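Quick one: sequence plus predicted model below, questions after.
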Amino acid sequence: MRISVLGAGSWGTALAIILQFNGHDVTLWEHKLLYARTLKKTRLNKIYLPEVKIPNEINITHSLKDASTNQHMIILAIPSQFIRSVLEELKKFNLNDATLVSVAKGIEEETLFTVSQIIRDVLPDISPGNIGVLSGPSHAEEVAKKIPTAVVSASSDEETAKQIQAAFMTSYFRVYYSTDILGVELGGALKNVIAIGAGISDGAKFGDNTKAAIMTRGIAEISRLGIAMGARPETFSGLSGVGDLIVTCMSRHSRNRYVGEQIGSGKKLKAILKSMQMVAEGVTTSKSAHQLARKYDILTPIIDAVYNSLFFDKDPVKETYELMSRDMKSEH
């Protein structure tokens, strides 16, 4: 197939390499003109994915029109807060019957939309069956090195989910499929908020017990909120739920865990974000998650504690002990 990847960050680059490995005609779009030229000349993504060679067969472009017209599939590897603006540009071009696949893991701040919902909002003429997502426990740094990884493709249309599955499946990148697109998106987005909480625990020098509690009770909050929004319960025990939660809370590659670790050690959010080159989706998503929990009247104490620590300078250690001293409850 002809497949374009919009976004030449670490994840977009890693996915473009997988797709080319599978024999597809791949175009990689970079929105900064000078960096697009650098990528094309050096075949190295030194900022986002160093030491990984970009195959010469991958076409690198700064032209969104060239990257989005006459394609069978368009991969949206753009942070969720910027996807709407890119989609507004895509409206100018003839996308024909291209399948749009989001690989972002966030919730839009103003609308509280997942990415598939943003796509439907901006491009209402695109059939829901031509919209999909790819999510799961998958750090770009490891995928680019062909380390065995398992993820899940999802669409409201089963055949589309299977099409995405077939496009990406390799001997080292295993893809399962699902028709619970909302659950897959929510699992991928909300786990970033819990990962910040796990990082706060690390930064505050709490132990493994604390981190395990945050992760376990965190997936309970994700499930409660997701089910209230219409997702399937079993999705959150799968790759895009507990699987992605584990890798994001535990890994040194996790940008969200890193943000939390810095907060837990006493640093301020503005300074942390200023020092980072990549986007930590969980920061903005914590606002959206907090609002969604209020909208659906769902109890989310860990999400709320992360939100308070990030945006109201609440003492993360004090917030943790306040979580511990809440009223006694049944686990389920």
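Cool, got the structure.

CA only for contacts and neighbour counts going forward, please
Noted.

residues near residue 176, how many?
Residue 176 is flanked by 18 other residues according to other Cα atoms under 10 Å.

Residue 250 now?
16.

for it, what are its contacts?
residue 257 (Cα atoms under 8 Å, 6 or more residues apart in numbering).

Use 545 as the first number for this chain going forward.
Shifting the count to begin at 545 puts that one at residue 794.

Read off the pLDDT value for it.
Among the per-residue scores, residue 794 holds a pLDDT of 95.

what's the answer for residue 844, then?
With respect to pLDDT, residue 844 scores 97.

what are the phi and psi values for the closest residue to it other than its chain neighbours?
Leaving aside its sequence neighbours, residue 844 sits nearest to residue 765 (Cα to Cα, 6 or more residues apart in numbering; 5.5 Å). Backbone geometry at residue 765, expressed as degrees, to the nearest 10, gives phi -70, psi -40.

same deal with the one 4 residues further on?
Residue 769 adopts backbone torsions of phi -70, psi -40, taken as degrees, to the nearest 10.

Quick check: the gap between it and residue 731.
10 Å (Cα to Cα, to the nearest Å).

So for the two, which sits in the more crowded spot?
Neighbour totals were compared for residue 769 and residue 731, and residue 731 leads with 30 against 23 (other Cα under 10 Å).

Local confidence estimate at that one?
Note for residue 731: predicted pLDDT of 98.

what's the nearest residue to it if we skip its chain neighbours?
Leaving out its chain neighbours, the residue that sits closest to residue 731 by Cα to Cα, 6+ apart is residue 785, at 4.6 Å.

Let me see the contact set for that neighbour.
Counting by Cα under 8 Å, 6+ apart, residue 785 has contacts 680, 728, 731, 732, 735, 763, 779.

counting contacts, what elements does the helix or strand encompassing the second one pack onto?
Using DSSP states H and E, residue 728 sits within helix 725-747. When contacts are defined as 3 or more Cα pairs under 8 Å, 6 or more residues apart in numbering; DSSP states H and E, helix 725-747 packs onto strand 675-679, strand 693-699, helix 752-773, helix 788-794, helix 799-808, helix 825-839, helix 845-855.

Output the second one as PDB, restricted to C-alpha atoms.
Taking Å, rounded to 0.1, in the frame of the first residue of the first chain, the C-alpha atoms of strand 693-699 are listed here in PDB:
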ATOM      1  CA  THR A 693       6.600  -5.700  20.900                       C
ATOM      2  CA  ALA A 694       2.800  -6.300  20.900                       C
ATOM      3  CA  VAL A 695       0.100  -3.700  20.300                       C
ATOM      4  CA  VAL A 696      -3.500  -3.500  19.300                       C
ATOM      5  CA  SER A 697      -5.200  -1.900  16.200                       C
ATOM      6  CA  ALA A 698      -8.800  -0.800  16.600                       C
ATOM      7  CA  SER A 699     -11.600   0.600  14.500                       C
END
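
Parallel or antiparallel, list what pairs with it.
Using DSSP bridges, the strands paired with strand 693-699 are strand 675-679 (antiparallel), strand 717-722 (parallel).

just the helices in the stretch 545-694 of the chain please.
554-565, 577-586, 608-612, 624-634, 659-666, 684-687 (DSSP state H, counting those that start in this stretch).

possible to save those as JSON lines with mean pLDDT?
Converted to JSON lines, the helices of the stretch 545-694 of the chain look like this (pLDDT from 0 to 100):
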{"stretch": "helix 554-565", "mean pLDDT": "97"}
{"stretch": "helix 577-586", "mean pLDDT": "97"}
{"stretch": "helix 608-612", "mean pLDDT": "96"}
{"stretch": "helix 624-634", "mean pLDDT": "95"}
{"stretch": "helix 659-666", "mean pLDDT": "97"}
{"stretch": "helix 684-687", "mean pLDDT": "94"}
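
Go through those helices and pick out the most buried.
Mean neighbour count (mean count of other Cα atoms under 10 Å) peaks for helix 554-565 among the helices of the stretch 545-694 of the chain, with a mean of 23.

ok, now how distant is residue 597 from residue 624?
26 Å.

no, scratch that, I was asking about residue 802
Distance of residue 802 to residue 624, given as Cα to Cα: 19 Å.
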